[in-house]
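In: Just the structure for this:
(2 chains)
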Amino acid sequence: MLAERVLSVKRRFLAMYKKADAGHIGSSLSCAEILVFLKFAWMRDDDTFVLSKGHAVAALYSVLAEANLLTAAQIASYYEDGTKLPALPPFNAIPEIPFATGSLGHGLSLSAGMALGARLDGRDRRFFCVTSDGELDEGSVWEAALFIAHHQLANVVWLVDRNHIQAIGRTEDVLGLEPLGAKLRAFGFHVIDVDGHSFESLLAARQECAELWQTRAAPVVIIADTVKGHGIGYLQNTIDSHYLPMTDAQYEQALAELTRAHAAPSNDGVGNAG
Amino acid sequence: MRAEFVQAMVALFAQRKDLVFITGDLGYMAVEPIAEVYGERFVNAGVAEQNAVSLAAGLARAGHLPWVYSAAVFTALRPYEQIRNDVCLHQLPVKLVGNGGGYAYGIMGATHHALEDVGALRALPHLCLYLPLVATDVADVVGIMAKDARPNYLRLGLAADIPGTIPAFAPWRKLKPGSRCVVVGAGPVVQGLYQLDDPELLDKLEIWSVGTFPLEPLPAELAASIQHKRRVISIEEHYLAGGLGEALSHLLLTSGVAPDSFVSLHAAGYPSGRYGSQRWHLEESGLAGPPLASRLRDLLRA
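Out: Model (predicted):
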């Protein structure tokens, strides 16, 4: 069940953040459901995932541990001196992390390159790329968007973690992105809006993509409406959630809130990868 | 060198099919033969160098051998972080090609000159730079780059026309003997030494050409010659910072070879604030023509 998976993933990365006394908790909580859904309900083994918003890599490490692709010992080394799991994705260290992202605005182009390579080889592989929304300030993202749309790279699935908060401000106050969906539609993308914390909504997006690709190879962007620091009262929708580590009391509160929220999960009804 | 480069890329495609040629919307009346032969493996990525370089990194990660072509300044500097992070950190065999190194774009002006590409790229790990000298070097260099598993940068320019026969492309090449002083040059700027219009002066210069950065270990013959002649001059179509002069002086010191004098002849930028042809800029920087001859005479008199 995805609900149990995501609870386990969140508990693991909260423990990692607490032990490391580290920030970027809000970034990980923002995309936890998306990462879990992609790994356990959408991606096939030969698909590739690129976390362009590298600041949420704790969530990715936790998902990889959940899939038994990282060991408990590796997870325990997070943030430690000599670790292969730094605070942003490492290079050439973990097979499931093809690129050291985190400097924003790289992941979508990298995904496009790998996708073009797969197309040239006639290989049926897909490349799932999660960007943040603040990241869309980077011009290189729009270069990549032009390229993907022009070349109709339908094997790139771009997900925007639209939590409306960037480093030190709200996206619409800093450099407004709206109407984001209309902009991307105008670029030539098939735009799907989802609730980024709902597996049901993510499942509907998966199905919409499957139906779309049966008729035409259109590139897709999924704009996932999310909440930074989702599910943790004191963190939710705050700029602090990008930076601040947890006190002992906050950690206890976070765990309690997570457990409560997941106590009676609805049947998410999500099947196998497709 | 551009025509030779295009020929070499076409020829290379006959040998291997994993090549992808990406242009940043440059190469009018030049890259068309590549487009014709490469088919879907020729990609005009548009005027979007950041995307082009990351795209190439993704292609390399997927097992292809991508070449990214643009003007030297746009290849090297506009996507610098993409080269640093996506290509060099990951040690991917992306082949960056910069046309018009130095002042080669001439009257196009300062924004199109590449006077700091070598310095900027030399700072990056795992990246090997290639600087052909003469037209026949280009095919050799393309062949070497295709086999080089490292990321590379190829700095193209107007090929030098060096009289007589010279050795095939190599990291170090002795071009001619000379009696008084060792001159080490990087790329076609060396040609200025052969155009001094002063045979006596030229006779005094032992000339070497550098073809790669990082510099390979100092050849024994060159080290011995420097120990004997005691004077070294470096010449490059590039700013002082990060260029051949700095690299060579470091190599000499760390190799225990200490000449009595070391002079770097390098691009001065735009001292008069005026523009002209490549040749005009080279002369203004003292890298060609009468200003070069006069500097060399002064140096040899000292």
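In: hey, let's count contacts and neighbours off CA atoms from now on
Out: Noted.
In: Show me where the stretch 1-150 of chain A has its helices.
Out: For the stretch 1-150 of chain A, the helices defined by DSSP state H, counting those that start in this stretch cover A:2-20, A:25-37, A:57-66, A:72-76, A:107-120, A:139-150.
In: Let's see stretch B:128-143 as PDB, backbone CA atoms only.
Out: Provided in PDB are the C-alpha atoms of stretch B:128-143 (Å, rounded to 0.1, in the frame of the first residue of the first chain):
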ATOM      1  CA  CYS B 128      41.200  18.100 -21.700                       C
ATOM      2  CA  LEU B 129      41.500  21.000 -24.100                       C
ATOM      3  CA  TYR B 130      42.800  20.600 -27.700                       C
ATOM      4  CA  LEU B 131      44.300  23.500 -29.700                       C
ATOM      5  CA  PRO B 132      45.100  22.500 -33.300                       C
ATOM      6  CA  LEU B 133      47.700  24.600 -35.000                       C
ATOM      7  CA  VAL B 134      47.500  23.800 -38.700                       C
ATOM      8  CA  ALA B 135      44.600  22.600 -40.900                       C
ATOM      9  CA  THR B 136      45.900  19.000 -41.000                       C
ATOM     10  CA  ASP B 137      45.800  18.800 -37.200                       C
ATOM     11  CA  VAL B 138      42.100  19.000 -37.200                       C
ATOM     12  CA  ALA B 139      41.300  15.500 -38.500                       C
ATOM     13  CA  ASP B 140      43.900  14.100 -36.100                       C
ATOM     14  CA  VAL B 141      42.500  15.900 -33.200                       C
ATOM     15  CA  VAL B 142      38.900  14.900 -34.000                       C
ATOM     16  CA  GLY B 143      40.100  11.300 -34.100                       C
END
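In: buried ones in it?
Out: Residues of stretch B:128-143 classed as buried by neighbour count (16 or more other C-alpha atoms under 10 Å in any protein chain shown): B:128-135, B:137-142.
In: just stretch B:288-296 next, same as before
Out: B:A288, B:G289, B:P290, B:P291, B:L292, B:A293, B:L296.
In: Put together TSV for the buried residues of stretch B:128-143, with pLDDT on each row.
Out: Listed next are the buried residues of stretch B:128-143 as TSV, based on pLDDT from 0 to 100:
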residue	pLDDT
B:C128	98
B:L129	98
B:Y130	98
B:L131	98
B:P132	98
B:L133	98
B:V134	98
B:A135	97
B:D137	98
B:V138	98
B:A139	98
B:D140	98
B:V141	98
B:V142	98
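In: Kindly indicate which of those lies nearest chain A.
Out: Taking C-alpha to the nearest C-alpha as the measure, chain A lies nearest B:C128 of the buried residues of stretch B:128-143, at 19.5 Å.
In: Quick check: the closest residue to that closest one other than its chain neighbours vs B:D137, distance?
Out: Nearest non-adjacent residue to B:C128, counting by C-alpha to C-alpha, 6 or more residues apart in numbering or on different chains: B:N152, 4.8 Å away. Distance, B:N152 to B:D137, by C-alpha to C-alpha, to the nearest Å: 16 Å.
In: again with A:A210
Out: Look at A:A210 and B:D137: by C-alpha to C-alpha, they are 52 Å apart.
In: mind listing what the closest residue to chain A within the stretch 101-250 of chain B touches?
Out: Chain A sits closest to B:P125 of the stretch 101-250 of chain B, with a gap of 13.3 Å, by C-alpha to the nearest C-alpha. Contact partners of B:P125, counting by C-alpha atoms under 8 Å, 6 or more residues apart in numbering or on different chains, are B:C88, B:L89.
In: next one: B:S225
Out: The contact partners of B:S225, by C-alpha under 8 Å, 6+ apart, come to B:V182.
In: just the strands in the chain please.
Out: Here I'm looking at chain A. A:48-51, A:127-132, A:156-162, A:165-166, A:169-170, A:190-195, A:220-225 (DSSP state E).
In: Let me rephrase: I mean chain B.
Out: Taking DSSP E, the strands of chain B run over residues B:19-23, B:42-44, B:65-71, B:95-99, B:128-130, B:152-155, B:172-176, B:181-186, B:205-210, B:212-213, B:231-236, B:261-265.
In: Quick check: A:V227 touching A:Q236?
Out: Yes. A:V227 sits in contact with A:Q236 when judged by C-alpha atoms under 8 Å, with a separation of 6.6 Å.
In: what do those two both touch?
Out: With C-alpha under 8 Å, 6+ apart, A:V227 and A:Q236 have no common neighbours.
In: More neighbours: which of those two?
Out: Just comparing A:V227 and A:Q236: by other C-alpha atoms under 10 Å in any protein chain shown the higher neighbour count belongs to A:V227, 24 against 17.
In: B:G185 pairs with what?
Out: For B:G185, the beta-bridge partners are B:S209, B:I235 (DSSP bridges).
In: and it, how many residues sit next to it?
Out: Number of residues near B:G185 (other C-alpha under 10 Å) recorded here: 27.
In: What of A:V50?
Out: A:V50, neighbours per other C-alpha under 10 Å, totals 25.
In: Look up the closest residue to it, ignoring the ones flanking it.
Out: Once flanking residues are discounted, A:V50 sits nearest to A:C129: 4.7 Å by C-alpha to C-alpha, 6+ apart.
In: Near the one you found, how many other residues are there?
Out: When neighbours are counted by other C-alpha under 10 Å, A:C129 registers 23.
In: If I look at it, what pLDDT would I see?
Out: You'll see A:C129 listed with a pLDDT of 98.
In: ditto for the one 10 residues further on
Out: Reading off the confidence values, A:G139 has pLDDT 98.
In: what's the burial count for the spatially closest residue to it that is not a sequence neighbour?
Out: Leaving aside its sequence neighbours, A:G139 sits nearest to A:G105 (C-alpha to C-alpha, 6+ apart; 7.5 Å). Residues contacting A:G105 under the criterion other C-alpha under 10 Å number 28.
In: is it true that A:G105 touches A:S52?
Out: Yes. Using C-alpha under 8 Å, A:G105 is in contact with A:S52, at 7.1 Å.
In: what number of residues lie near the residue nearest to B:C128?
Out: So B:N152, with other C-alpha under 10 Å, has 26 neighbours.
In: Alright, that wraps it up for me.
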